[in-house]
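K.L.:
only geometry, no sequence info:
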């Protein structure tokens, strides 16, 4: 099981977006950087360009991964809300009723993936992110 501290550094990001409800596919290309903020926190910054439905748009987000007193890691949105537990190689969930989100984190220190499925009355899509370590 990899911890967020095992993945510190710069990554090349490629994310495919399959919006089944709209019948559209897109791609995000860019970078991700994981930076230690003390011993119990990792900042996860993403920046890139999304091409979707014939349009190109800059995109970015910041997540924070924090270790609690029980040594478990949790991913948080920039505003502090909990996104999901950091569980490597198994399914994770994000509570956002009325839609269901299930995801997974897997890979190694050179290449890892983040996958999300969202289904419900408002959404039906899949995000597949591949992160490859940037050349030194």
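P.N.:
Okay, I see it. All values derive from a computational prediction rather than experimental measurement.
K.L.:
any idea how far the nearest residue to residue 121 once chain neighbours are set aside is from residue 123?
P.N.:
With sequence-adjacent residues excluded and distances taken as Cβ to Cβ, 6 or more residues apart in numbering, residue 121 is closest to residue 98, at 5.5 Å. Heads up, the C-betas are built off the backbone N, CA and C, glycines and all. Using Cβ to Cβ, to the nearest Å, we find residue 98 at a distance of 9 Å from residue 123.
K.L.:
between those two, who's got more neighbours?
P.N.:
Using other Cβ atoms under 10 Å, the more surrounded residue of residue 98 and residue 123 is residue 123, with 16 against 8.
K.L.:
quick one: contacts for the closest residue to that one other than its chain neighbours?
P.N.:
Nearest non-adjacent residue to residue 123, counting by Cβ to Cβ, 6+ apart: residue 99, 4.8 Å away. Residues in contact with residue 99 (Cβ atoms under 8 Å, 6 or more residues apart in numbering) are 118-123.
K.L.:
Correct me if wrong: residue 19 contacts residue 125.
P.N.:
Yes - between residue 19 and residue 125 there is a contact under Cβ atoms under 8 Å: 4.6 Å.
K.L.:
sorry, back to before: what about the contacts of residue 99, which one has the most neighbours?
P.N.:
Among those, the one with the most neighbours (other Cβ under 10 Å) is residue 118, at 20 neighbours.
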